[in-house]
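[1] Okay, sequence plus prediction incoming.
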Amino acid sequence: MRVLVDTSIWSLALRRSGSVQNPEAEELKRLIGHHVVEIIGPIRQEILSGVRELGQFEHLESRLVVFPDLPLQSEDYVTAAKMFNLCRKKGIQGSNTDFLICAVAVRRDLAIFTTDGDFRLFAKCLPIVVHEFKTKAKPQLVPYGPQTRRRKRRALSAGLSHRST
């Protein structure tokens, strides 16, 4: 399964000192080696935003250039808004970018690799897969299997298409 890598993981791998090793950065290297890493423009923007020094900005930009942005579609934004509304109705809050990540991941059948705990909350009511791994064991794509994801997708489609605004 291909993996959409969130800003939190890229930050750990790219912005921190190279001498500090962390399991998320190691997992990102492994995923890059397997050619399964994906990125979208809003994540690229978040990574590059707030970089104060031009040299560091250019360094980050040059490291990311090898990962082309997945094209976004109008339906991604609409689905993200529906997901936002559905989660908010259940008391779960998140950012517009987080729900855009969820929408793209569902449409493209991607796992989401993140350290942001909000995505585990989103997974309670959205058909997303959060990329899980163990530092010494084989990585896993959990928490939901294909049948659960299909059921959630059907419920999401049915529930969101019949709701009035």
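    Sure thing, it's come through.
[2] Measure how buried residue 50 is and give me the count.
    Applying other Cβ atoms under 10 Å, we find 8 residues neighbouring residue 50. C-beta: built from backbone N, CA, C; applies to glycine.
[3] ok, it to residue 156 distance?
    Computed as Cβ to Cβ, to the nearest Å, the residue 50 to residue 156 distance reads 33 Å.
[4] How about residue 29?
    33 Å.
[5] pLDDT below threshold where in this protein?
    For the chain, the stretches with pLDDT under 70 are 15-20, 136-155, 157-165.
[6] in it, which spans are strands?
    3-5, 37-38, 111-113, 129-132, 140-142 (DSSP state E).
[7] could I get those strands as TSV with mean neighbour count and distance to residue 73?
    Formatted as TSV, these follow (neighbours: other Cβ atoms under 10 Å; distance: least, Cβ to Cβ, whole Å):
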stretch	mean neighbour count	distance to residue 73
strand 3-5	25	15
strand 37-38	20	15
strand 111-113	25	18
strand 129-132	20	20
strand 140-142	13	24
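[8] Which residue lies nearest the spatial centre of this structure?
    Geometric centre of the chain, nearest residue: residue 112, 3.9 Å, by Cα atoms, centre = their mean.
[9] my guess is that residue contacts residue 103, does it?
    No. Between residue 112 and residue 103 there is no contact under Cβ atoms under 8 Å: 11.1 Å.
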